[in-house]
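Asks: My questions are about this predicted structure, shown below with the sequence.
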Amino acid sequence: MKLKIYKDKNTVAEEFSKFFASQTGENKEFHVALSGGSTPKIVFDVLAYEFGSSVDWSVVHFYWGDERCVSPDDDQSNYKMTVEHLFSKIDVPESNIHRILGENDPIQEAQRYSTVLIDTLPNVNGYPQFDLVILGMGDDGHTASIFPHEIELWHSDKVCEVAVHPESGQKRVTITGDAINNAKTVAFLVTGESKVEKVSEILDQKGGFKSYPANLVAPKSGNLLWFLDEAAATGITSK
Ligand code: 6PG
């Protein structure tokens, strides 16, 4: 695990974008699972603005770690957010965008998307393997769309499951623990003082860390990066 702590959210976005661009520079297919949330949103803006013309987007295949079960033109859609902040500004082939169809029946879509990942991604250790999974972390310690009240979904033998947001009841399709931990690299993008408590509990392995899905992220490759701003990282004692 590597902690990469920067002074503010924008610097996190800048530094992660440099990292992302460096990962895609090997001219072979690069399969990345995106996250929703406020930090990825500014990362996409920086990626588009600063690397839009230098990255060969024709080799980058985009997937999602989770999607809200809404239509693609709904303001809640992670896909819509990505179109607005990234895809509308770069030259990426439509065939490289493998969105979760939020408008479909959730159970059927979880099954369909599991098949898409199994059929499209390289199979390593008997499981689909992303080159990179980008994750956020909720104030409650959720990641992707696996929430503490449904932490058992992490251990599902399915590649994707249907989750339910604990407050809104909104259904979501999410990838599960084995798909995340089979990735070559996993990068958390976590910023803001609202994350302090959970970040320090997880990174210092104290308090309620065992009940947070984000605590279960441990790629077999060992390549786990936490991109944090100082606001989110201030409580960590084991730096
Ligand atoms: C989503 C995200 C979710 C997000 C966290 C953190 O669909 O909402 O996948 O897991 O990453 O809620 O969001 P912020 O970065 O906005 O705090």
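Replies: That came through, no problem.
Asks: State the distance from residue 142 to residue 211.
Replies: 11 Å (CB to CB, to the nearest Å). In this view, the C-beta of every residue, glycine as well, is placed from N, C-alpha and C.
Asks: So these two - more neighbours on which side?
Replies: Taking other CB atoms under 10 Å, residue 142 and residue 211 do not tie; residue 142 has more neighbours (25 against 13).
Asks: is whichever helix or strand residue 14 is part of anywhere near the ligand?
Replies: Element membership for residue 14, per DSSP states H and E: helix 9-23. No. Residues of helix 9-23 are not located near the ligand by CB under 6 Å from any ligand atom, the shortest gap being 9.5 Å.
Asks: That helix packs against which elements?
Replies: strand 2-6, helix 38-51, strand 185-190, strand 224-229 (3 or more CB pairs under 8 Å, 6 or more residues apart in numbering; DSSP states H and E).
Asks: who wins for proximity to the ligand among the ones you listed?
Replies: Of all those, it is helix 38-51 that lies closest to the ligand, at 3.5 Å by CB to the nearest ligand atom.
Asks: Give the burial count for the residue nearest to residue 199 when sequence neighbours are not counted, as a bare number.
Replies: Leaving aside its chain neighbours, residue 199 sits nearest to residue 232 (5.2 Å; criterion: CB to CB, 6 or more residues apart in numbering). By other CB under 10 Å, 28 other residues sit near residue 232.
Asks: Would you confirm that residue 232 contacts residue 195?
Replies: Yes. Using CB atoms under 8 Å, residue 232 is in contact with residue 195, at 4.1 Å.
Asks: Relative to residue 108, how far out is the residue in the chain positioned nearest to the ligand?
Replies: The minimum distance from the chain to the ligand, using CB to the nearest ligand atom, falls at residue 136 (2.1 Å). Computed as CB to CB, the residue 136 to residue 108 distance reads 26 Å.
Asks: Comparing these two, which shows the higher neighbour count?
Replies: Set side by side, residue 136 and residue 108 show more neighbours around residue 136, with 22 against 12, by other CB under 10 Å.
Asks: all helices of the chain, in order?
Replies: Secondary structure of the chain, counting by DSSP state H: helices at 9-23, 38-51, 78-85, 106-120, 177-181, 196-203, 230-233.
Asks: what's the span of stretch 119-138, first residue to last?
Replies: Taking CA to CA, to the nearest Å, stretch 119-138 runs 30 Å from one end to the other.
Asks: Only the buried residues of it, if you could.
Replies: By 16 or more other CB atoms under 10 Å, the buried positions in stretch 119-138 come out as 121, 127-138.
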